[in-house]
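1. Please find the sequence and the predicted model below.
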Amino acid sequence: MSFEFMWAALSPENFLLALGGVVAGTVIGALPGLTATMAIAVLVPFTFSMPTAAALILMGAIYTGAIYGGAYSAILLNTPGTPSAIATTFEGYPMAKRGDGDLAITVACLASVIGGMVGALFLLGLAPPLAEVALEFGPTEYFWLAMFGLTLIASLSEGNTLKGLIGACFGLLIACIGVAEISSDVRFTFGSNVMIGGIETVSALIGLYCVPVLIDLVATPDRHLKVTHETRGFRLGEATSILSRRWVNAVRSSVIGTIVGILPGAGGSIASLVAYSEARRTAPAGNKFGDGDPDGIIASEGANNATVGGGLIPTLVLGIPGTPTDAVILGALLVQGVRTGPNLFTEGGGSIVYTFMAGLFIATALMLPAGLLIGRYAYKSIITIPKALLVPSVAFMCVIGTYAIRNSTSDIAIMVVLGVIGWILNRFGFTPSPIVLGLILSRIAENGFVQGWIIGEATGNPLTGFFARPISFVLILVILLSLFYPMLKPRLVRRLARQEGRS
Amino acid sequence: MARKRDTAGMVVCSLFILLGGAALWDTTRMLDRDSYVYPRAVAVLMIVFCLMYIGRQLLLPPKELTESLEAQTAQRGGSTPRRVGLVVTLFACALAMPYVGFLIAGSAAFAVMLLIAMYDPWTRFRIVVYPLVSAALVLGFYFLFKSAFLVPLPTAPFL
């Protein structure tokens, strides 16, 4: 990519589109229920009259901003604004509760910028070869990827793995409600028409995470978040220092996000969960995971923003969208008359795609000032709004956001019911995170398992596909490592200490 | 620190066993193997984990309650009527929406939740400002979703 594309992306019109897109995306992403997909889908008709590169820059900027914006509500309200921000709630909300919400938002912003940049770099430099990786992933690999995600349960169960496993099974089971994707059988509706559509993931997230917070919030006159009265600004220096000490986590999570983003159908939620799992597994002794460790935010936000660039790789090179948002962008590209494929990088000197990539870099860079400013405003709003206005405002956003996903009032009722169930279960030590994990991974696991089995049966040996394919084998090894490393780590440390003592 | 069996946890596990049983029963009417293998496996696993939990609670000596769990239990005070009020309001809002429209149901729910969450005394300032802010928020979100995001929010059949 030569500098002419950077200059083209930096034209006043494109720069303003990138800035406007990032700001709009961040605000939309922060609203529970409004996803990046919805934001871009709404915007698509406006891009038809724009030049192709400008339209792509605007969509890329909104996408980047929306993925980051999801962190605000995850940190300040314990509600992931977008599904990609689920893992951000694990450490972000505890940080906010103890009075470090401003620091958590700044860390999230910096990690998102790093993740976005790494994803865009991969898109720029390695798009065609990496797109081939997506084609190597079959149903069995998706099944093992989902199993790898489920290994996170052990660390999310807060000292009670059995309760975590039961919660995850509950999540896996409620995800089966409705019409089965492969066989089209109606399951677990018990004759109710309301349940035929199944449980919508975002509504379930809002219910399981946000409604319990509201229920507890309304019960006491205490403040929502702990507030210190000293003025601390953005706490940029502190956040930069944390990032510089944990740069390995930031880079590793961004690479994980890019790779998971390349896989069609996996998306930002899986990427952030896998990156969080790895960050937790490799965290040094004395870490604060579970009680608000910035490492968790770095992992989650770095990974989910890296999926923007990662997801665009198969979209642009193969015409296979990596995420639902990429599918909308692909549709917009087709309307613009752009034919995706490897030729996109060479036809006409690749001007459209390289200007878009340059625009993506600029949008990601703009996320730093825009994200910090909006984040500071969001934090101040949450801590200063009186409870009497905060509770109905958040509840109202949950209601309208849930309705907007499928235009269904039944989803609102389901969201409330799940919220009450989540609150009751949480009282008895069944935390919502394993339930959500099961809910998200269930469809990928089931489809991967059933499709893998059907293909295996057709070839005469169903187990070969699950265990003998190279990527499956690597994933199984990673799963075993993830499961047993925490048990083996103390022994390895003791052995190393003994050896050092002898020498 | 207190030593205690997790009776509530065992009760919840028993409910999960019932749920798993109901799920297994529902799978018996599914004809396609692709439909029932996965949910059946998950339901069986859930029942096994629940039995393991109950068995561990009954057979092994009770565990010490950790400090954080004790602290969490102590924090669980607060007003139950307000909690119930919030949930009932949200649920009623969802049920009423198809009949009275989004604006009426949403506005009423917002007003009721404001009253439920109100702990400060009603001063003259609050009596004037809170309803105005509430109206601005409800209308702002209503028009944002209806006009900008083109979400077909339900309207009252009688309007």
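-> Noted; the coordinates are in hand. Numbering: from 1, shown residues only, chains lettered A, B, ... in the order given.

2. Could you report the distance from the most far-flung residue of chain B relative to its centre to residue B:130?
-> In chain B, residue B:124 marks the outermost C-alpha relative to the chain mean, sitting 34.5 Å out by Cα atoms, centre = their mean. Distance check for residue B:124 against residue B:130: by Cβ to Cβ, to the nearest Å, it reads 11 Å. (C-beta placed from N, C-alpha, C; glycine too.)

3. Likewise for residue A:334?
-> Distance from residue A:334 to residue B:130, by Cβ to Cβ: 49 Å.

4. of those two, who's got more company?
-> Per other Cβ atoms under 10 Å in any protein chain shown, whichever of residue A:334 and residue B:130 has more neighbours is residue B:130, with 21 against 12.

5. Specify the local secondary structure of the more buried one.
-> Judged by DSSP: H, G, I helix; E, B strand; the rest coil, the three-state class of residue B:130 is helix.

6. which residues touch it?
-> Shown in contact with residue B:130 (Cβ atoms under 8 Å, 6 or more residues apart in numbering or on different chains): A:388, A:389, B:114.

7. try 6 Å
-> Applying Cβ atoms under 6 Å, 6 or more residues apart in numbering or on different chains to residue B:130 gives no contacts.

8. Which residues does stretch B:46-66 contact?
-> So stretch B:46-66 is contacted by A:162, A:165-166, A:169, B:1-6, B:10, B:13, B:16-17, B:20 (Cβ under 6 Å, 6+ apart).

9. Any idea which residue of chain B lies closest to chain A?
-> residue B:78 (2.9 Å; Cβ to the nearest Cβ).

10. Mind pulling up the pLDDT for residue 69?
-> All of this refers to chain A. Here the pLDDT value assigned to residue A:69 is 88.

11. try again with chain B
-> Looking at residue B:69, its pLDDT is 48.

12. now do residue B:2
-> Per the predicted model, pLDDT is 55 at residue B:2.

13. Same check on residue A:275?
-> pLDDT at residue A:275 comes out at 90.

14. and it, how many residues sit next to it?
-> When neighbours are counted by other Cβ under 10 Å, residue A:275 registers 30.

15. and it, what element?
-> Using DSSP states H and E, the element containing residue A:275 is helix A:267-281.

16. quick one: contacts of that helix?
-> Contacts for helix A:267-281 (Cβ under 6 Å, 6+ apart): A:83-84, A:86-87, A:149, A:152, A:155, A:249, A:253, A:256-257, A:260-261, A:289, A:295-296, A:299-300, A:303-304, A:307, A:323, A:440.

17. again, only using 7 Å
-> If you take Cβ atoms under 7 Å, 6 or more residues apart in numbering or on different chains as the criterion, helix A:267-281 is touched by A:67, A:83-84, A:86-87, A:90, A:145, A:148-149, A:151-152, A:155, A:249, A:252-253, A:256-257, A:260-261, A:289, A:295-296, A:299-300, A:302-304, A:307, A:323, A:437, A:440, A:482, A:485-486.

18. roughly how far apart are the nearest residue to residue A:306 once chain neighbours are set aside and residue A:274?
-> Leaving aside its sequence neighbours, residue A:306 sits nearest to residue A:257 (Cβ to Cβ, 6 or more residues apart in numbering or on different chains; 3.0 Å). Per Cβ to Cβ, residue A:257 is found 9 Å from residue A:274.

19. same thing with residue B:40?
-> 28 Å.

20. With residue A:77 instead?
-> 24 Å.

21. Those two: which is more packed in?
-> residue A:77 (29 against 26).

22. The more buried one is in contact with residue A:395, isn't it?
-> No. Applying Cβ atoms under 7 Å, one finds residue A:77 not in contact with residue A:395, separated by 10.8 Å.

23. So what's the gap between the lengthiest helix in chain B and the chain middle?
-> In chain B, assigned by DSSP state H, the helix with the most residues is helix B:33-59. Distance of helix B:33-59 from its chain centroid, counting by Cα atoms, centre = their mean, to the nearest Å, is 24 Å.

24. Burial check on residue B:29, number of neighbours?
-> Neighbour count for residue B:29, taken as other Cβ under 10 Å: 11.

25. Go ahead and report the secondary structure state at it.
-> Of the three states, residue B:29 takes coil under three-state DSSP.

26. so what pLDDT did it get?
-> Per-residue pLDDT puts residue B:29 at 86.

27. Quick check: phi and psi on it?
-> Note on residue B:29: backbone dihedrals following degrees, to the nearest 10 are phi -90, psi 0.

28. C-alpha coordinates for stretch A:441-450, PDB please?
-> Taking C-alpha atoms only, stretch A:441-450 is exported to PDB below (Å, rounded to 0.1, in the frame of the first residue of the first chain):
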ATOM      1  CA  LEU A 441     -21.400 -21.700  22.300                       C
ATOM      2  CA  SER A 442     -24.300 -24.100  22.100                       C
ATOM      3  CA  ARG A 443     -25.300 -23.400  18.500                       C
ATOM      4  CA  ILE A 444     -21.700 -23.600  17.200                       C
ATOM      5  CA  ALA A 445     -21.100 -26.800  19.300                       C
ATOM      6  CA  GLU A 446     -24.300 -28.500  18.200                       C
ATOM      7  CA  ASN A 447     -24.000 -27.600  14.500                       C
ATOM      8  CA  GLY A 448     -20.300 -28.600  14.400                       C
ATOM      9  CA  PHE A 449     -21.000 -31.900  16.200                       C
ATOM     10  CA  VAL A 450     -24.100 -32.900  14.100                       C
END
